[in-house]
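K.L.:
only geometry, no sequence info:
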Ligand code: LRH
Ligand code: MN
Ligand code: MN
């Protein structure tokens, strides 16, 4: 699939795109100031899957759900995978969590204390065991590790410790499993984060081997960062493992993807299409994982997730509509305005009717949000579920 293909090819590409929703987006969440509990939120990992199944039922493109351990800890992961399968879902990426334990005050895998490092690595290895049980292919690693004050710890030693931990976990992966390494500029570390940017993540992945890939969380950059350039570069190098999609106005806001800056999302998706990132996933090879990583603190969660899925689809459709021939012709001629115009023409196209057609052709309602509203699910869960769980940040 290349940019600017015929309407039928665009529609076909849209039906093969799959988006992964995060279990934690279905539970309660908040800021450091307040968690606003919502009625009807899931009380168990199973109920999170029940909600995710509604998102997939109405959009048709959200068949997998990312788990976060220990937020989604259960006794029997095989049974959880069965629960998902009965609802037409699969368990997706396993997210490790080495950032909510008192022992990790000075870091997890980069902690100066070897006993703490061993504990962190043991958790990461446990996550690979869980992948074996669930059939998950991707292990996503994000480390809150870093320092708050210059001199607090040795920056180079911390990279060595990180490298050693990653190697141990990488060597434990099965042939069809990947390690997705996520970077984040700052927070909770405020002076130096140990994996602060794509360059650091890429350097570690290169050293580890082909199963180590970089994850771009769209909320993890400094304001003004050209994220699509990072995406283009990682794709060229064959190291773009996936996205954690969300929107940011200020820092790691975790708002709905495409809400703050739909144009940026379009530019990112254009580079994905341009670099063949949609096609690899569709052909069955481990391609770019399109995941959401969001928290819906004040808005109703399931419709917010449906809206987010639709926003990614709209950006993807626009990216696919770019007239590649007109664009490269203008670029070769050095016609700046025509080249920019070719991108903007696609961006300014209203793709909602096209997506409505795609859904109707797959037997879905044209408007997933209206369909969800009419389904009665929201009223049902509010009635049935009392005492929903927090997603995990304060848990
Ligand atoms: C860190 C992060 C990472 C975590 C998730 C809950 O900010 O983006 O992906 O796993 O939030
Ligand atoms: Mn993330
Ligand atoms: Mn984040």
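P.N.:
Now that the structure is in, tell me what you want to look at. In this text, all values refer to a predicted model and were calculated from it rather than measured experimentally. Ligands and ions are numbered 1, 2, ... in the order given.
K.L.:
so residue 123 belongs to a helix, correct?
P.N.:
Yes. When classified by DSSP: H, G, I helix; E, B strand; the rest coil, residue 123 is found to be part of a helix.
K.L.:
so the residue nearest to it when sequence neighbours are not counted: helix, strand or coil?
P.N.:
Among residues not flanking residue 123 along the chain, residue 98 sits closest, at 5.7 Å (C-beta to C-beta, 6 or more residues apart in numbering). Yep, even glycine has a C-beta here, placed from its N, CA and C like the rest. Following three-state DSSP, residue 98 is assigned to coil.
K.L.:
quick one: name the residues of the stretch 151-300 of the chain near ligand 1.
P.N.:
Contact residues (C-beta under 6 Å from any ligand atom) of the stretch 151-300 of the chain with ligand 1: 182, 184, 217, 244, 252, 293.
K.L.:
quick check, nearest of those to residue 94?
P.N.:
For these, the minimum distance to residue 94 (C-beta to C-beta) is 13.0 Å, reached by residue 182.
K.L.:
and the residue nearest to residue 123, how many residues sit next to it?
P.N.:
Here the number of neighbours of residue 98 (other C-beta atoms under 10 Å) works out to 26.
K.L.:
what of residue 172?
P.N.:
18.
K.L.:
tell me who's in contact with the nearest residue to it once chain neighbours are set aside.
P.N.:
For residue 172, ignoring the flanking residues on the chain, the nearest one in space by C-beta to C-beta, 6+ apart is residue 128 at 5.1 Å. Residue 128 sits next to 94, 139, 169, 172, 173, 174, 177 when contact means C-beta atoms under 8 Å, 6 or more residues apart in numbering.
K.L.:
part of a helix, is the first one?
P.N.:
By that I understand residue 94. No. Residue 94: not assigned to a helix; according to three-state DSSP it is strand.
K.L.:
can you tell me how far it is from residue 122?
P.N.:
From residue 94 across to residue 122, the span is 15 Å (C-beta to C-beta, to the nearest Å).
K.L.:
and the third one, by the same measure?
P.N.:
From residue 169 over to residue 122 the distance is 10 Å, taken as C-beta to C-beta.
K.L.:
now the fourth one
P.N.:
If you measure residue 172 against residue 122 using C-beta to C-beta, the figure is 11 Å.
K.L.:
before we move on, what about the fifth one?
P.N.:
Between residue 173 and residue 122 the distance is 16 Å, computed by C-beta to C-beta.
K.L.:
quick check: closest non-adjacent residue to residue 194.
P.N.:
Spatial nearest neighbour of residue 194, chain neighbours left out: residue 145 (4.3 Å); criterion: C-beta to C-beta, 6+ apart.
K.L.:
OK, contacts around that neighbour?
P.N.:
Contacts of residue 145 (C-beta under 8 Å, 6+ apart): 104, 107, 108, 109, 110, 111, 158, 162, 189, 193, 194, 195.
K.L.:
pLDDT score for residue 391?
P.N.:
Listed pLDDT for residue 391 reads 76.
K.L.:
kindly report the same for residue 387.
P.N.:
Predicted confidence (pLDDT) for residue 387: 83.
K.L.:
wait, it touches residue 43, no?
P.N.:
Yes. Residue 387 sits in contact with residue 43 when judged by C-beta atoms under 8 Å, with a separation of 5.9 Å.
K.L.:
ok, those two, which is more surrounded?
P.N.:
Using other C-beta under 10 Å as the criterion, residue 387 and residue 43 rank with residue 43 on top: 14 against 7.
K.L.:
show me the contacts for that one.
P.N.:
For residue 43, the contact set (C-beta under 8 Å, 6+ apart) comprises 385, 387, 388, 389.
K.L.:
out of those, which are buried?
P.N.:
385, 388, 389 (16 or more other C-beta atoms under 10 Å).
K.L.:
picking that back up, of the residues of the stretch 151-300 of the chain next to ligand 1, buried ones?
P.N.:
Among those, those classed as buried by 16+ other C-beta under 10 Å are 182, 184, 217, 244, 252, 293.
K.L.:
so for the second one, what's the pLDDT?
P.N.:
Looking at residue 184, its pLDDT is 98.
K.L.:
what number of residues lie near the closest residue to it other than its chain neighbours?
P.N.:
The shortest distance from residue 184 to any non-neighbouring residue, by C-beta to C-beta, 6+ apart, is to residue 220 (4.0 Å). Using other C-beta under 10 Å, residue 220 has 27 neighbouring residues.
K.L.:
go on, residue 78?
P.N.:
When counting by other C-beta under 10 Å, one arrives at 12 neighbours for residue 78.
K.L.:
that one contacts residue 134, correct?
P.N.:
Yes. Between residue 78 and residue 134 there is a contact at 7.5 Å, judged by C-beta under 8 Å.
K.L.:
need the helix or strand of the protein with the lowest average pLDDT.
P.N.:
When each helix and strand of the chain is scored by mean pLDDT, DSSP states H and E, helix 277-282 comes last, with a mean of 74.
K.L.:
now the contacts of residue 145 in TSV, with secondary structure, distance to ligand 2 and pLDDT?
P.N.:
Below are the contacts of residue 145 laid out as TSV (DSSP: H, G, I helix; E, B strand; the rest coil; distance: C-beta to the ion, whole Å; pLDDT from 0 to 100):
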residue	secondary structure	distance to ligand 2	pLDDT
104	helix	17	98
107	coil	18	98
108	coil	16	99
109	coil	17	99
110	coil	19	99
111	coil	21	99
158	helix	21	99
162	helix	18	99
189	coil	15	98
193	strand	13	98
194	coil	16	99
195	coil	12	99
